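Asks: the sequence and its predicted three-dimensional model are supplied below.
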Amino acid sequence: MIRISFVVIAALAMACSGASDRVPDDLQGADTAAGVVPAEPLNTETEGVIPQSGNEIPLSFEQPSSETMTIGKLDSANTRAVYLIPVESGKRLIATVSTENGGKANLRFNQIFRPDGKSDGPFGDQLSYVLTSTGTYKLVIGSSKMAEDPYVGNFILKVRIE
C-alpha cells in the first residue's frame, strides 16, 4: 500500500511539473529598442486593475515603453506571486514592490529565476538585477519566512527594463 501511494504521488508530481520556461516561437528573436519582447498591452493605471494571484502571471510592456506596473495579491501567509518577464540579454531589471498604502510590511522579492533555471535571492523590496541572457525571467514575490507578520493583501509591482 505504501509503495502504491509513493508511485501515485511521484506520478502526480511529475505530471504537475511540466511547465516550460521557453519563450514562444512567435516571440523568439523579437527586437525592440527597450529590449523587451512585445506582449499584450497592460493597463498601467491603478484604478480598475483587478488584483492578480495565481501560479505564474505574464507581465506585459506597452510599446515602446520599457516599464509597467500591476497590482498583485497575496491571499495567505504562504502565498507567493510569480511574474514572467520576457527580455533580451544585456539589460538591467529595476523593480519595486510595495503595499497599496506605501507602508512597511514583510513583503519582498524572494527570488529571481533566470531562463536557464538558476535562481538568485532573496532580495528586499527593491531590486536591480543585470539580465545576462535572453529569455523569460521569473520574479517571485512573497513574505520572508524568517520575519514575523507575513504580508497578506494587495501590493503594487513596478518593473522597468533599461
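Replies: In hand now; what should we look at? Numbers count the residues shown, from 1 in each chain.
Asks: on contacts alone, who are the packing partners of the helix or strand Y83 falls within?
Replies: Using DSSP states H and E, Y83 sits within strand 81-87. Taking 3 or more CB pairs under 8 Å, 6 or more residues apart in numbering; DSSP states H and E as the contact definition, the neighbouring helices and strands of strand 81-87 are strand 57-58, strand 67-74, strand 135-142, strand 153-161. In this view, the C-beta of every residue, glycine as well, is placed from N, C-alpha and C.
Asks: if we use 10 Å, what do you get?
Replies: Under the contact definition 3 or more CB pairs under 10 Å, 6 or more residues apart in numbering; DSSP states H and E, strand 81-87 sits against strand 57-58, strand 67-74, strand 91-99, strand 108-113, strand 135-142, strand 153-161.
Asks: and of the ones you listed, who's closest to G124?
Replies: strand 108-113 (5.4 Å; CB to CB).
Asks: the closest one pairs with which strands?
Replies: Here strand 108-113 has these sheet partners by DSSP bridges: strand 119-120 (antiparallel), strand 135-142 (antiparallel).
Asks: let's see it as CSV, backbone CA atoms only.
Replies: Below are the C-alpha coordinates for strand 108-113, written out as CSV (Å, rounded to 0.1, in the frame of the first residue of the first chain):
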residue,chain,number,x,y,z
ARG,A,108,10.0,41.3,-0.7
PHE,A,109,11.4,39.8,-3.9
ASN,A,110,12.1,36.3,-2.7
GLN,A,111,13.9,35.1,-5.8
ILE,A,112,14.6,35.7,-9.5
PHE,A,113,14.9,32.7,-11.8
